[in-house]
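J.: pasting a predicted model and its sequence here:
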Amino acid sequence: MSFRRIKRKLAHFWESYRVVFFTLIGVCALGWLYYFLTTIGPRSVDTASGADAPAVRADDPAIQALIDEVESLEKIHRRADTAGLVTPEALEALEQAVAKQKELIRLYPAGDYAQGARLAELETRLDSTRAVVSVARIEQLQKDGEAALQAGRYQEAATLLGEGLKLQREVNASSASSRHKNYVRETALLQAIAAIDATPLFQEKDAAVKAAQVAVAEERWGDALNAYIRARDLQGRLNREYSRTRYADLAGYDRLESEIASLNAAGVAAEIDGKESSGDAAAKAGEHVQAAKLYEEAFALQQEINQKFNRSRFVSSARLDRLETKRQTALARPLTDKLAELDTQIARDLAARRVVSAEQRIPEAAALLERISANYPKSDFQLGSLRIKLAYLSLKREELRAMQDEVYENLLPLPGASGLLLYKTEVPQRLYAMVMNTNPSRNPGRALPVDSVNWNDAGEFCMRMGWVLGASVRLPTADEFRVALGDSQGRMVGADSGEPRTVATGAGAPNANGFHDLLGNAAEWLHVGAGVTAPVAGGSYLDREATLKAMPVENRARNDRARHIGFRFVLVKSE
């Protein structure tokens, strides 16, 4: 048969049976897929073989015997646990109970959640019982390890603490009750073991610090510096390599750095001390320019310390301020001496009633004071009170002569008291207003005594009057008041006089010593030392004659103001 005929027959056959061919292939594929899907995944247990099946059934007496045996073993442990004892027998019984419970679960035909939970409970109790024993052992190991560490037996301490750490980790990782676990102790043991390696370094650092302190006490500055540097380097190593131990100390490192900086700055500090002392000596000797130069050099050295050795104990902003104050004080001294001389001359001119001369010096003194304040603001001269005085005298320049005339016309010597002049009347309102630029009186009248002034107001008046007169002015004392009164009272303006208020000063008859209204009219503040009260003497228009004759004296609050109280003053002449 020719090849062409064979080819035609095969083609005819394929056309006739290709559908059947593809159908058979599809059926075979589906059959294989069905087989594959039904055989993958977990297979059923061949119960006939007995390979994984329990040896007995659930109702078999062997299972009940195991349950009873577990309960019996558990009771042995419970009795010991109730008595607070952990005996080897009780621990062994609990271990056997756990083993029996595991066997029971393996043999139980269908598994039981309750039996699994019972196993978990028994394992927790077993781990807790073991933990009780382990914790006691851990505590003893920790105690022994710390004792060995203190004694310097570092290898022994490491062994003991390492064993304790191992046991503590086992307890913490077990299923024991949480009350037996101690993660803090685990960390502490870990740190203590790390500290064993650090202890020799710490001891070496401590020895270096002590050596440095001894060297400082003996003023061996080079040895002290080397020892502190060694100590600092060791502390830095402790901080880097043993940061979790108690030997790590960042603040201690900073203190050592400060000591090193202080030693480096000690020489400069000594030089500062020397220059400041020399400056003080020069200032005392009147060599103010030299003193200022020394203070300026000391200031520059202190700035150097503050900038280059800013961690040393010699750093001080306060010392900079003090040195600058001393420098300015030294430079200002010639000017302040001149100012003090001008102030004295002004007071002398006013005391001698050379008012024109005083008037000429007052502006000069005021300008000099402003110059000192502007150029040397940090000098330690107390210029505030002098500034107020000069400002007041400048304001009153054109009234100085009139005020002096008003006062000197009414001053009388105090009998038996050399150098004391007492104003012969109570201070009238016209004089008070002239001096104080105000009149607080509630019984107004230029010739009437000033009233409604408190003790402090009277003191302020005396101070200003002292400036005007160039002398010391104050309130009279009780004894001086009595001396001025003497045996003759003079006019007494009291309640019996029918006056509803104070009357003009000096209008009535004076007493034998020439003083008016020591009794009656307005009561008068007296001089007194410290305290919150001050005496008021002489009575007022509110008192009856019998009271006034007894020269009443009462204490009143210094800030008290009353319409029946005024004052007079004493001028103390300089020798």
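T.: Yep, it's here.
J.: rest of the way, CA atoms for contacts and neighbours
T.: OK.
J.: hey, which helix or strand in this protein has the poorest pLDDT?
T.: Confidence across the helices and strands of the chain bottoms out at helix 3-39, with a mean of 66, counting by mean pLDDT, DSSP states H and E.
J.: by contact count, what packs against the helix or strand where residue 74 lies?
T.: Assigned by DSSP states H and E, residue 74 falls within helix 61-82. The helices and strands touching helix 61-82, judged by 3 or more Cα pairs under 8 Å, 6 or more residues apart in numbering; DSSP states H and E, are helix 88-107.
J.: count of neighbours near residue 514?
T.: Neighbour count for residue 514, taken as other Cα atoms under 10 Å: 19.
J.: the closest residue in space to it that isn't next to it in sequence: what's it in contact with?
T.: Spatial nearest neighbour of residue 514, chain neighbours left out: residue 424 (6.9 Å); criterion: Cα to Cα, 6 or more residues apart in numbering. Residue 424 is in contact with 410, 411, 412, 506, 514, 515, 516, 568, counting by Cα atoms under 8 Å, 6 or more residues apart in numbering.
J.: what's the average pLDDT for the helix holding residue 74?
T.: The average pLDDT within helix 61-82 is 71.
J.: dump the residue contacts of the spatially closest residue to residue 377 that is not a sequence neighbour.
T.: With Cα to Cα, 6+ apart as the criterion, residue 377 has its nearest non-adjacent residue at 7.8 Å, and that residue is residue 328. Residues counted as contacts of residue 328 (Cα under 8 Å, 6+ apart) are 292, 376, 377, 378, 379.
J.: farthest pair within those?
T.: Distance extremes for these: the farthest pair is 292 and 377 at 14.9 Å, using Cα to Cα.
J.: which of these two has more neighbours?
T.: More neighbours surround residue 292 than the other of residue 292 and residue 377, with 26 against 15 (other Cα under 10 Å).
J.: report pLDDT for the more buried one.
T.: Per-residue pLDDT puts residue 292 at 95.
J.: find the nearest non-adjacent residue to it, please.
T.: Among residues not flanking residue 292 along the chain, residue 327 sits closest, at 4.5 Å (Cα to Cα, 6+ apart).
J.: and the gap between that neighbour and residue 333?
T.: For residue 327, the distance to residue 333 equals 10 Å [Cα to Cα, to the nearest Å].
J.: rewinding a little: in helices, which of the contacts of residue 328 appear?
T.: Mapping these onto helices (DSSP state H) picks out residue 292.
J.: low-confidence ranges, this protein, go.
T.: Residue ranges of the chain with pLDDT under 70: 1-14, 16-17, 19-22, 26-27, 31-60, 76-77, 79-87, 90, 108-112, 575.
J.: domain parsing for it?
T.: In the domain annotation for the chain, the residue ranges read 1-38, 53-181, 200-266, 335-395, 398-572 (automatic domain parsing).
J.: closest one to residue 283 among those domains?
T.: Here domain 335-395 is closest among those (Cα to Cα), at 13.1 Å.
J.: for that closest one, measure first residue to last.
T.: End-to-end distance of domain 335-395 (Cα to Cα): 23 Å.
J.: picking up where we left off before, quick one: the helix holding residue 74 to helix 88-107, angle?
T.: 150 degrees (axes from the mean of the first three to the mean of the last three Cα atoms, to 10 degrees).
J.: and helix 61-82, how far out from the chain's middle?
T.: From the chain centre to the centre of helix 61-82 is a distance of 67 Å (Cα atoms, centre = their mean, to the nearest Å).
J.: check which residues of it are buried.
T.: Across helix 61-82, burial judged by 16 or more other Cα atoms under 10 Å covers 63, 66, 67, 69, 70, 73, 74, 75, 76, 77, 78.
J.: also stretch 466-484?
T.: For stretch 466-484, the neighbour count (16+ other Cα under 10 Å) marks 466-478, 480-481, 484 as buried.
J.: now for whichever strand or helix holds residue 230, which elements pack on it?
T.: Using DSSP H and E, residue 230 sits within helix 221-241. Packing partners of helix 221-241 (3+ Cα pairs under 8 Å, 6+ apart): helix 183-217, helix 250-284.
J.: mind putting those helices in a markdown table, distance to residue 531 and mean neighbour count included?
T.: A markdown table is the format used below for these (distance: least, Cα to Cα, whole Å; neighbours: other Cα atoms under 10 Å):
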| stretch | distance to residue 531 | mean neighbour count |
| --- | --- | --- |
| helix 183-217 | 51 | 18 |
| helix 250-284 | 38 | 18 |
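J.: would JSON lines of these with distance to residue 322 be doable?
T.: Output for those, formatted as JSON lines (distance: least, Cα to Cα, whole Å):
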{"stretch": "helix 183-217", "distance to residue 322": "27"}
{"stretch": "helix 250-284", "distance to residue 322": "10"}
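J.: ok, back up a step: now the buried residues of helix 61-82 in CSV, with distance to residue 264?
T.: Listed next are the buried residues of helix 61-82 as CSV, based on distance: Cα to Cα, whole Å:
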residue, distance to residue 264
63, 87
66, 84
67, 83
69, 83
70, 79
73, 78
74, 76
75, 77
76, 76
77, 73
78, 73
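J.: and those, which is closest to residue 119?
T.: residue 70 (10.2 Å).
J.: mind listing the helices for the stretch 401-550 of the chain?
T.: Ranges of helices within the stretch 401-550 of the chain are 429-436, 455-469, 478-485, 545-549, based on DSSP state H, counting those that start in this stretch.
J.: so for residue 271, which of those sits nearest?
T.: Among the helices of the stretch 401-550 of the chain, the nearest to residue 271 by Cα to Cα is helix 455-469 (46.7 Å).
J.: just checking, which of the contacts of residue 424 belong to strands?
T.: Residues of the contacts of residue 424 located in strands (DSSP state E): 411, 412.
J.: pull the most distant pair out of the contacts of residue 424.
T.: So, the contacts of residue 424 by Cα to Cα: farthest apart are 514 and 568, at 14.1 Å.
J.: surely residue 257 meets residue 232?
T.: Yes - assessed by Cα atoms under 8 Å, residue 257 is found in contact with residue 232 at 6.8 Å.
J.: tell me who's in contact with residue 216.
T.: residue 224.
J.: from residue 191, how far out is it?
T.: Residue 216 sits 35 Å away from residue 191, going by Cα to Cα.
J.: hang on, the earlier thing: tell me the one of the contacts of residue 328 nearest residue 175?
T.: Comparing the contacts of residue 328 against residue 175 with Cα to Cα places residue 378 closest, at 76.7 Å.
J.: how close does the closest residue in space to the closest one that isn't next to it in sequence get to residue 377?
T.: Among residues not flanking residue 378 along the chain, residue 325 sits closest, at 5.1 Å (Cα to Cα, 6+ apart). Residue 325 is 9 Å from residue 377, where distance means Cα to Cα.
J.: and if you look at residue 125?
T.: 84 Å.
J.: swap in residue 501?
T.: Counting by Cα to Cα, the gap from residue 501 to residue 377 is 52 Å.
J.: next, count neighbours for the closest residue to residue 438 other than its chain neighbours.
T.: Once flanking residues are discounted, residue 438 sits nearest to residue 432: 7.4 Å by Cα to Cα, 6+ apart. Using other Cα under 10 Å, residue 432 has 20 neighbouring residues.
J.: list the contacts of residue 432.
T.: 438, 439, 450, 461.
J.: looking at those, which is nearest residue 490?
T.: Checking those against residue 490 by Cα to Cα gives residue 450 as the nearest, at 20.3 Å.
J.: so who does the closest residue to that closest one other than its chain neighbours touch?
T.: Among residues not flanking residue 450 along the chain, residue 429 sits closest, at 4.6 Å (Cα to Cα, 6+ apart). Contact partners of residue 429, counting by Cα under 8 Å, 6+ apart, are 439, 441, 444, 445, 446, 447, 448, 449, 450.
J.: okay, and the beta partners of residue 554?
T.: Beta-bridge pairing of residue 554, defined through DSSP bridges, involves residue 536.
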